[in-house]
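>>> Below are the sequence and a predicted model; questions follow.
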Amino acid sequence: MQAAMNCIPRFFTLPLSDKLKARGNPLCRNWGYAGAGAHSDRFTANLPWKETLSFGSDSASSDSMVADYFVSTLGDGFREMGAVYQKYCEAMMKLALSIMELLGMSLGVDRAHFREFFGDGNSIMRLNYYPPCQEPELTFGTGPHCDPTSITILLQQDEVDGLEVFSRGEWRVVRPARGALIVNIGDTFMVTHISLINLCLFLLLHEIYVLYRANNALTNGMYKSCLHRAVVNKVKERSSLAFFLCPRINRVVRPPECLVNEENPRKYPDFTWAELFDFTQKHYRADMETLPTFTHWLLSSSRSHYSHPSPP
Ligand SMILES: C=C1C[C@]23C[C@H]1CC[C@H]2[C@]1(C)CCC[C@@](C)(C(=O)O)[C@H]1[C@@H]3C(=O)O
Ligand SMILES: O=C(O)CCC(=O)C(=O)O
Ligand SMILES: [Fe+2]
């Protein structure tokens, strides 16, 4: 984990000409380097005070996808960095699937259920780099949002506050703890009537702080996903590593039968992860209202709902 954290400033302090080699990607518009005032090609206001490098991490498609991305995009001089992030993404995927197994056990479904649902997923790895800002009160590193993805495993740089979660009516600092990972649950994933205490105890034993309030498509409207943000400061740069677990791009997101009944009718239409992801990339900047806004957008489109052809 430390090697992965140390590589962040090594990349972002490169000359801009080197970083721009990673801008854009033919495979996925979300991948690549987004420069100072990230996403200026996508948004015209409230640009986040950060630079990011995002890339795919699909264990199913190749066992050297991340390493290959760094060498093919940035050159042979980045072979070692690619190897560090290849290993890091493999470890995050392994952890994420174990968390999914735990959630499956807590839900009373077969422990392989979510492992299979996400095992061939199109996950995203993102390096966040937040330079110091002279007027931090006028901007955000990453504005208030719920991750549209399924779960996020976040590693924060030590000793620099930045991550905040909205809980019990106020913004609360999630203080970095050496060696700790933070797991937050996003719009796509389901956390249902599960004994979250057990989940927290399990994860805390592994020094993983679980930020949850999750409801989402697969929960059929029972909880809200974790609202969080990253603030910046005048003095210290800050880095973070976000591993976003996602299902396969064409996987249909729908709640299990046991969550839908007369008292609890379907609240979200069937949709594929590609539809939600594309919505956040082409039509709407993910915030705390992404899922309801997406649902309204989807229902007002002509596509038939609730009856997506069953996934391949
Ligand atoms: C699917 C994604 C879109 C974002 C990266 C991943 C999960 C988190 C999303 C994001 C960070 C939420 C805040 C707004 C955003 C535009 C950002 O600040 O980067 C979002 C990402 C994105 O759309 O690139
Ligand atoms: O940098 C952080 O602490 C949070 C980043 C985040 O929320 C994100 O990238 O989705
Ligand atoms: Fe986030």
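Received, thanks. Ligands and ions are numbered 1, 2, ... in the order given.

>>> Go ahead and confirm Pro9 touches Ser240.
No - with contacts counted by C-beta atoms under 8 Å, Pro9 stays clear of Ser240, the gap being 11.9 Å. The C-beta positions use only the backbone N, C-alpha and C, and glycine is treated the same way.

>>> neighbour-wise, which of the two wins?
A direct count of neighbours by other C-beta atoms under 10 Å for Pro9 and Ser240 places Ser240 higher, at 25 against 14.

>>> and the stretch 151-300 of the chain, which residues reach ligand 1?
Contact residues, the stretch 151-300 of the chain versus ligand 1 (C-beta under 6 Å from any ligand atom): Phe244, Phe277, Thr280, Gln281, Arg285, Ala286.

>>> and the closest residue to Asn46 other than its chain neighbours, what are its phi and psi?
Distances taken as C-beta to C-beta, 6 or more residues apart in numbering place Gly143 nearest to Asn46, at 6.6 Å, with adjacent residues excluded. As for Gly143, its main-chain torsions (degrees, to the nearest 10) stand at phi -70, psi 170.

>>> Mind pulling up the pLDDT for Ala242?
Note on Ala242: pLDDT of 98.

>>> count of residues packed around it?
As a burial measure, Ala242 scores 23 neighbours (other C-beta under 10 Å).

>>> Ramachandran coordinates for it?
Per-residue torsions, Ala242: phi -120, psi 120 (degrees, to the nearest 10).

>>> from the residues of the stretch 151-300 of the chain next to ligand 1, which is closest to Glu263?
The shortest approach to Glu263 among these belongs to Ala286, at 30.3 Å (C-beta to C-beta).

>>> Quick check: the closest one vs Asn30, distance?
11 Å (C-beta to C-beta, to the nearest Å).

>>> try Thr139
From Thr139 across to Asn30, the span is 22 Å (C-beta to C-beta).

>>> The lengthiest helix in the chain and ligand 2 in contact?
Criterion DSSP state H: the longest helix present in the chain is helix 79-107. No - in terms of C-beta under 6 Å from any ligand atom, no part of helix 79-107 sits within range of ligand 2; the closest distance is 13.8 Å.

>>> Which strands or helices does that helix pack on?
Helices and strands touching helix 79-107, by 3 or more C-beta pairs under 8 Å, 6 or more residues apart in numbering; DSSP states H and E, are helix 2-12, strand 51-57, helix 65-74, helix 113-119, strand 123-130, strand 151-156, helix 196-205, strand 238-245.

>>> and the longest one, how far out from the chain's middle?
The reference is to helix 2-12. When distances are taken as C-alpha atoms, centre = their mean, to the nearest Å, helix 2-12 is centred 19 Å away from the chain's centroid.

>>> Check whether it comes near ligand 2.
No - interface with ligand 2: helix 2-12 contributes nothing (C-beta under 6 Å from any ligand atom), its closest point being 10.8 Å away.

>>> residues in contact with that helix?
19, 51, 53, 81, 84-85, 88, 127-129, 155, 157, 237, 239, 241 (C-beta atoms under 8 Å, 6 or more residues apart in numbering).

>>> For the helix or strand that comes right after it, buried residues please.
Sequence-wise, the next helix or strand downstream of helix 2-12 (DSSP states H and E) is helix 16-19. Across helix 16-19, burial judged by 16 or more other C-beta atoms under 10 Å covers Lys19.

>>> next helix or strand past helix 16-19?
strand 32-34.

>>> just checking, what packs against that next one?
For strand 32-34, the elements it packs on are strand 51-57, judged by 3+ C-beta pairs under 8 Å, 6+ apart.

>>> Pull the distance from the strand it packs on to the chain's centre.
Here strand 51-57 shows a centroid-to-chain-centroid distance of 11 Å under the convention C-alpha atoms, centre = their mean.

>>> when you scan it, is anything in it near ligand 2?
No - against ligand 2, strand 51-57 shows no contacts by C-beta under 6 Å from any ligand atom, the least distance being 7.5 Å.

>>> Residues contacting that strand, please?
Contacts of strand 51-57 (C-beta under 8 Å, 6+ apart): 11-12, 19, 22, 25, 27-28, 30-36, 38, 65-66, 69, 85, 89, 92-93, 122-129, 131, 243.

>>> quick one on the thing from earlier: which members of the residues of the stretch 151-300 of the chain next to ligand 1 are the farthest-apart pair?
Using C-beta to C-beta, those span at most 15.9 Å, a distance reached by Phe244 and Arg285.

>>> These two - which one has more neighbours?
The neighbour comparison of Phe244 against Arg285 (other C-beta under 10 Å) goes to Phe244, with 25 against 15.

>>> Enumerate every residue touching the more buried one.
Phe244 makes contact with Ser123, Ile124, Met125, Arg126, Asp147, Thr149, Ser150, Thr152, Gly186, according to C-beta under 8 Å, 6+ apart.

>>> Against Pro265, how distant is the residue lying closest to the last one once chain neighbours are set aside?
To tie it back to what came earlier, the one meant is Gly186. In this structure, Gly186 finds its nearest non-sequential neighbour in Asp147, 3.5 Å apart by C-beta to C-beta, 6+ apart. Distance, Asp147 to Pro265, by C-beta to C-beta: 26 Å.

>>> Brilliant, that's me finished.
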